[in-house]
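S.K.: What follows is a protein structure lacking sequence information:
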């Protein structure tokens, strides 16, 4: 058994291709005008992808590689009029382990490339996991 | 800028305390009879926790340290009668990056210890992040 003290090594399974390249111009959440984007996976995980279909709603976990890991409190949505809030009560990318959580719908698939709707992640963002949505009404 | 090839180092921010110790006896999902459990955070992240309150529904991300990272297809829920399925279409803990996603309600808090309802993670599981549940029907 490995130590539970960590650190634990996340290995990207793919990367986001998107027209979004500037964190300060990206929407805060996918349903706030985010564009379609591509999830491009490495061939080594293709067996794990084989049951993903257009129309599926999935949760994509990413590594927000441009985040600041030393931040513990932020003004939500970058709005200085809102009080400083502990990061674990916000969706700020700045947090000790900047794992992004994105709910998206698969539009189409070609090999290990998946076009998805409404993803706010920046171009080049590493993907670390994909999971099915279990509760379509509440889990996001 | 760090390389987007990874690996990326996850550092635990806390650990689960639970009566669940055996993966094969744990429920597959939190709403399938999982017990109350404690999230015990390190003091170094206490500022990030300061706005979490009893009644809050949060998503807890864990590192499923007893998972098999080499698995790409499984029989869902361990049921051999179900066909082998790519792990990214399942919630199996066995997957390349075994990040657990758990939706729980905070029951009570004392310092950096939070009692939560219905968590299926095993005792000692490292916690890597906490995020609020976003509800598109209420203010963010």
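M.R.: Received the coordinates, thanks. Please read all numbers here as calculations on a predicted model, not as lab measurements. Residues are numbered from 1 along each chain as shown, chains lettered A, B, ... in the order given.
S.K.: What are the contacting residues of the helix or strand where residue A:107 lies?
M.R.: Under the criterion of DSSP states H and E, residue A:107 resides in strand A:99-110. Strand A:99-110 is contacted by residues A:30, A:36, A:52-64, A:91, A:93, A:114-121, A:125, A:128, A:133, A:139-140, B:10, B:59, B:61, B:99, B:101, B:128-129, B:131 when judged by Cβ atoms under 8 Å, 6 or more residues apart in numbering or on different chains. In short, each C-beta sits where N, CA and C put it, glycine included.
S.K.: can you check stretch A:34-54 too?
M.R.: A:12-20, A:26-27, A:58, A:60, A:106-109, A:111-121, A:127, A:130, B:72-73, B:85-89, B:95-96.
S.K.: List the ones among the residues you listed that fall in strands.
M.R.: Counting by DSSP state E, the part of those found in strands is A:14-17, A:58, A:60, A:106-109, A:113-117, A:127, A:130, B:73, B:85-86.
S.K.: which of these count as buried?
M.R.: A:14-16, A:58, A:60, A:106, A:109, A:114-116, A:127, A:130, B:73, B:85-86 (16 or more other Cβ atoms under 10 Å in any protein chain shown).
S.K.: wait, isn't residue A:29 in contact with residue B:131?
M.R.: No: the criterion here is Cβ atoms under 8 Å, and residue A:29 misses it with residue B:131 at 11.8 Å.
S.K.: can you give me phi and psi for residue A:63?
M.R.: When read as degrees, to the nearest 10, the backbone of residue A:63 gives phi -110, psi 110.
S.K.: need the contact list for it.
M.R.: Residue A:63 touches A:10, A:12, A:98-100, A:125-128, B:6, B:8, counting by Cβ under 8 Å, 6+ apart.
S.K.: Adding pLDDT and distance to residue B:48, write the residues you listed out as TSV.
M.R.: Formatted as TSV, the entries for those read as follows, by pLDDT from 0 to 100; distance: Cβ to Cβ, whole Å:
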residue	pLDDT	distance to residue B:48
A:10	97	20
A:12	98	25
A:98	98	12
A:99	98	14
A:100	97	17
A:125	97	22
A:126	98	23
A:127	98	25
A:128	98	21
B:6	92	24
B:8	97	19
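S.K.: need these in a markdown table with distance to residue B:77, can you?
M.R.: Listed next are the contacts of residue A:63 as a markdown table, based on distance: Cβ to Cβ, whole Å:
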| residue | distance to residue B:77 |
| --- | --- |
| A:10 | 25 |
| A:12 | 28 |
| A:98 | 31 |
| A:99 | 25 |
| A:100 | 27 |
| A:125 | 31 |
| A:126 | 29 |
| A:127 | 25 |
| A:128 | 23 |
| B:6 | 30 |
| B:8 | 30 |
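S.K.: outside of stretch A:73-84, which residues touch it?
M.R.: Looking at what lies outside stretch A:73-84 - Cβ under 8 Å, 6+ apart - the contacts are A:28, A:85-87, A:90, A:92, A:94, B:47-48, B:50, B:140.
S.K.: Which among those residues count as buried?
M.R.: Buried among those (16+ other Cβ under 10 Å): A:28, A:85-87, A:90, A:92, A:94, B:48.
S.K.: and these as CSV, adding distance to residue A:43 and pLDDT?
M.R.: Output for those, formatted as CSV (distance: Cβ to Cβ, whole Å; pLDDT from 0 to 100):
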residue, distance to residue A:43, pLDDT
A:28, 33, 87
A:85, 41, 97
A:86, 40, 98
A:87, 35, 98
A:90, 36, 97
A:92, 34, 96
A:94, 33, 97
B:48, 38, 98
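S.K.: Just the contacts of stretch A:73-84: which are in helices?
M.R.: Applying DSSP state H to the contacts of stretch A:73-84, the entries found in helices are B:47-48.
S.K.: Residue A:123: helix or strand, and which one exactly?
M.R.: Residue A:123 is part of no helix or strand when elements are defined by DSSP H and E.
S.K.: That one - nearest residue in space that isn't next to it in sequence?
M.R.: Residue nearest to residue A:123 in three dimensions, not counting chain neighbours: residue A:18, with 4.5 Å by Cβ to Cβ, 6 or more residues apart in numbering or on different chains.
S.K.: just residue A:102 next, same as before
M.R.: Once flanking residues are discounted, residue A:102 sits nearest to residue A:60: 4.6 Å by Cβ to Cβ, 6+ apart.
S.K.: Next: residue A:130.
M.R.: residue B:88 (4.0 Å).
S.K.: Cool, thanks, talk later.
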